[in-house]
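Asker: Have a look; sequence and predicted model below, questions after that.
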Amino acid sequence: MRITVLGAGSWGTTVASVLTRRDHESLIWARSPATADEINAKHTNERYLEGFPLPGRLRATADLAEAAAHAELLVVGVPTGAFRDTLVQVRPNLHPWIPVVSLSKGLERDSLLRMTEVIKEVLPGHPAAALTGPNLAKEIMAGMAAATVIATEDLTVATEIQRVFRRGLLRVYTNHDVIGCEVGGALKNVVAIATGIAQGLGVGDNTRAGVISRGLAELTTLAVAMGGEPSTLAGLAGMGDLVATCISPQSRNRHVGEQLGRGRSLDDILAEMGQVAEGVKTVHAAVRLADRHGLAMPITRTIHRVVTGDITAEHAYGGLLRTHPAGHESDPG
Ligand SMILES: NC(=O)C1=CN([C@@H]2O[C@H](COP(=O)(O)OP(=O)(O)OC[C@H]3O[C@@H](n4cnc5c(N)ncnc54)[C@H](OP(=O)(O)O)[C@@H]3O)[C@@H](O)[C@H]2O)C=CC1
Ligand SMILES: O=C(CO)COP(=O)(O)O
């Protein structure tokens, strides 16, 4: 199958490599011509996947029209802030009705939409799906086993995409609960910033486990309020991804939190990182959704205050789990 992957960062490049090894004709779009040239000539993407050889058959282009016209299946791996604009640009050259799969984990800042909702708005008539789960790119490049979820309401589309992605040690599950899957993927990044702060401040494992568990409760509460199913958040797209992101030193969101916990400024951390940490932006939309649904979500609200500079990371940690009045705390819930 001819597959186009938009976005030649860590995850887009990894997914394009997996699909190439699965014998698909994959074409990856890089906005930087230098990155496209590097992938074509040297079969590497050193900025994002240092030290990993890419499949020789993976082709890259910096021409978005060429990338769009190639696709029988479109996979979108640009950060959520660029998601809508990128779809608008590919729209004129896209074959009608082809499925579109989002790799991106976050919420649109102004509209508060999930990425499959953005796909449906910009590309009506195209089946929309999300690929999500505990999928740290470098582990997958290293050939380590991983499980992932294809979320889409249409079982026929889900099964077809599952067949396209399934390869060797990548185990692909389907889930019809798109809301639960996308809210889990977006919100776990915010909780990873919180657990990263804990790491940076040097608190104990009991405390970090407490934040992860209460974070899971927040993912679940918001997803259910938005129409998702609680069981989704107990699975790969919820707890699975939350645990991977909160414990892995490879996570960019956890890294941001850890550096904040050490007292560094957010601007310095982001400038130095040169990669996306979606939780930093998604937290704004998450707080507005919490307000809309009348939800407490204390961890999310606290991280929002840190990101906006209202309080320091150290101050945040003092109150992170203590926002409910005594006597009103219950777990789970
Ligand atoms: N990395 C991972 O392990 C995983 C990531 N994800 C999700 O995948 C999405 C992409 O993440 P990831 O690949 O890791 O990010 P990276 O930071 O590694 O790469 C970002 C990519 O997006 C491009 N990009 C940045 N801004 C724009 C823009 N305005 N317009 C077009 N392209 C742009 C960058 O291009 P340039 O190099 O030119 O700046 C680069 O190719 C995120 O939503 C993330 O949450 C999901 C699962 C796993
Ligand atoms: O989504 C991810 C793992 O599933 C990657 O997390 P980070 O964006 O924090 O690196």
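Answerer: Ah, there it is. Residues are numbered from 1 along each chain as shown. Ligands and ions are numbered 1, 2, ... in the order given.
Asker: got the residues of the stretch 1-150 of the chain near ligand 2?
Answerer: Residues of the stretch 1-150 of the chain lying near ligand 2 by Cβ under 6 Å from any ligand atom: 105, 134-136. (C-beta placed from N, C-alpha, C; glycine too.)
Asker: Go again with 8 Å.
Answerer: For the stretch 1-150 of the chain, the residues in contact with ligand 2 (Cβ under 8 Å from any ligand atom) are 10-11, 105, 132-137.
Asker: and the residue of the chain found nearest ligand 1, what pLDDT?
Answerer: Of all residues in the chain, residue 9 sits closest to ligand 1, at 1.7 Å by Cβ to the nearest ligand atom. You'll see residue 9 listed with a pLDDT of 98.
Asker: which ones are touching it?
Answerer: 48, 77-79, 275-276 (Cβ atoms under 8 Å, 6 or more residues apart in numbering).
Asker: Quick check: of these, which has the highest neighbour count?
Answerer: The residue in the contacts of residue 9 with the most neighbours, by other Cβ atoms under 10 Å, is residue 77 (26 neighbours).
Asker: who are the neighbours in contact with that residue?
Answerer: By Cβ under 8 Å, 6+ apart, residue 77 lies in contact with 5-7, 9, 11-12, 15, 103-104.
Asker: cool, residue 186 as well?
Answerer: 105-107, 114, 278, 282, 285-286.
Asker: Okay, it and residue 158: tell me how far apart.
Answerer: Here the distance between residue 186 and residue 158 works out to 20 Å (Cβ to Cβ, to the nearest Å).
Asker: Give the closest residue to residue 213 in space, chain neighbours not counted.
Answerer: Spatial nearest neighbour of residue 213, excluding adjacent residues (Cβ to Cβ, 6 or more residues apart in numbering): residue 331 at 7.4 Å.
Asker: Assign a three-state SS to the one you found, would you?
Answerer: Assigned state for residue 331: coil (three-state reduction, DSSP: H, G, I helix; E, B strand; the rest coil).
Asker: Write out the residues of the stretch 201-333 of the chain neighbouring ligand 2.
Answerer: By the rule Cβ under 8 Å from any ligand atom, the part of the stretch 201-333 of the chain lying against ligand 2 is 241, 244-245, 248, 250-255, 275-279.
Asker: how about the residues of the stretch 101-250 of the chain near ligand 1?
Answerer: Counting by Cβ under 8 Å from any ligand atom, the stretch 101-250 of the chain sits next to ligand 1 at 103-106, 131-132, 135-138, 140, 185, 189, 250.
Asker: show me what contacts residue 114?
Answerer: Neighbour list for residue 114: 107-108, 130, 178-179, 182-183, 186 [criterion: Cβ under 8 Å, 6+ apart].
Asker: Which pLDDT value belongs to it?
Answerer: With respect to pLDDT, residue 114 has a value of 98.
Asker: Please apply the same query to residue 204.
Answerer: Listed pLDDT for residue 204 reads 86.
Asker: among the contacts of residue 186, who's most crowded?
Answerer: Among the contacts of residue 186, residue 105 has the most neighbours (other Cβ under 10 Å), with 31 neighbours.
Asker: can you pull the contacts of that residue?
Answerer: By Cβ under 8 Å, 6+ apart, the contact set of residue 105 is 80, 132, 182, 185-186, 188-189, 241, 278, 282.
Asker: and the end-to-end length of stretch 231-240?
Answerer: With Cα to Cα, to the nearest Å as the measure, stretch 231-240 spans 12 Å from end to end.
Asker: ugh, wrong one, I meant stretch 271-285
Answerer: 22 Å.
Asker: ok, and what's touching it?
Answerer: Contact with stretch 271-285 is made by 9-10, 47-48, 79-81, 104-109, 112, 186-187, 189-193, 252-253, 255-256, 266, 270, 300, 303-304, 307, as judged by Cβ under 8 Å, 6+ apart.
Asker: now with 6 Å?
Answerer: Residues outside stretch 271-285 that contact it (Cβ atoms under 6 Å, 6 or more residues apart in numbering): 79, 105-107, 109, 112, 186, 189-190, 193, 252-253, 256, 303-304, 307.
Asker: Name the nearest residue to residue 313, ignoring sequence neighbours.
Answerer: residue 260 (4.1 Å).
Asker: Quick check, that neighbour in contact with residue 197.
Answerer: Yes. With contacts defined as Cβ atoms under 6 Å, residue 260 counts as touching residue 197 at a distance of 5.5 Å.
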